[in-house]
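In: Could you work out the structure for the sequence below:
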Amino acid sequence: MTLAVTILMMAAACSSDNGDHAEPAAITLVKTIPGGCNNMGFVNQKSAAAESSDTVIFSIRKDTLVMFTGINYICCAPFRTEHILLNDSLIVTLTDQCNYPQENCYCRCMCYYTWEFLFTGFPDGTNPGFRVILDDPRQKEPVTLFKGSVTF
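Out: Presented below is the predicted three-dimensional model:
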């Protein structure tokens with residue numbers, strides 16, 4: 001009997017919130033859609049024209065924040081992406097996974113690589129910061145390609 005009363009009291013304490021306030025939803029990555037030259041073998045590669053500039057564009061599709069990122073980079077690079085949310089800022093890292101200089105992963109051309117990062121839980125009326133970092137094994141340190149505030 002004592003155990004039943006204790007459990008009921010614990011359940012009542014846990015459910016004492018009347019629901020008048022809701023916690024803000026956390027910004028969550030739903031998926032990343034690679035495009036452009038991502039995952040293309042040498043046979044399918046074409047050199048990109050210089051008209052494609054490195055870019056970041058934000059948009060909203062229904063309830064999803066879309067962060068389109070495009071960069072000019074050497075062909076045949078094997079990329080992976082990572083993201084973190086730090087102090088209300090989106091930080092996306094584009095990592096070239098080539099084990100350079102031990103192996104040569106690259107083709108002799110330039111390509112335009114794209115990614116669409118799809119996030120949910122984006123709070124309306126806010127402009128969080130963002131940063132896009134390129135980790136290039138041919139460079140000593142990762143480089144910040146873009147930084148600023150999310151704008152539409």
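In: From now on I want contacts and neighbour counts done on CA atoms only, so please keep to that.
Out: Will do.
In: and M40, what helix or strand is that in?
Out: Per DSSP states H and E, M40 falls between elements, in no helix or strand.
In: Does it touch C76 like I think?
Out: Yes - look at M40 against C76 with C-alpha atoms under 8 Å: they come within range, at 6.7 Å.
In: between the two, which one's more packed in?
Out: The neighbour comparison of M40 against C76 (other C-alpha atoms under 10 Å) goes to C76, with 24 against 15.
In: who are the neighbours in contact with the residue nearest to that one when sequence neighbours are not counted?
Out: Sequence neighbours aside, Y106 is the residue nearest to C76 in space, at 5.0 Å (criterion: C-alpha to C-alpha, 6 or more residues apart in numbering). Residues near Y106 by C-alpha atoms under 8 Å, 6 or more residues apart in numbering: I74, C75, C76, A77.
In: How about N127?
Out: S149, V150, T151.
In: Where do the helices of the protein begin and end?
Out: 2-14 (DSSP state H).
In: Run through it and note the low-pLDDT ranges.
Out: Scanning the chain with the threshold set as pLDDT under 70 gives 1-25, 41-51.
In: Tell me where it has strands.
Out: With DSSP state E as the criterion, the chain has strands at 28-36, 55-61, 64-74, 79-86, 89-96, 110-120, 129-135, 143-149.
In: if we can go back for a sec, output the contacts of Y106 as TSV; include the columns distance to E116.
Out: Output for these, formatted as TSV (distance: C-alpha to C-alpha, whole Å):
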residue	distance to E116
I74	20
C75	19
C76	19
A77	18
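In: Filter these down to the buried ones and hand me the PyMOL line.
Out: Per 16 or more other C-alpha atoms under 10 Å, the buried members of those correspond to this PyMOL selection:
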select buried, resi 74+75+76+77
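In: dump the residue contacts of the nearest residue to I60 once chain neighbours are set aside.
Out: Nearest non-adjacent residue to I60, counting by C-alpha to C-alpha, 6+ apart: V66, 5.9 Å away. Residues counted as contacts of V66 (C-alpha under 8 Å, 6+ apart) are F58, S59, I60, E116, F117, L118, F119.
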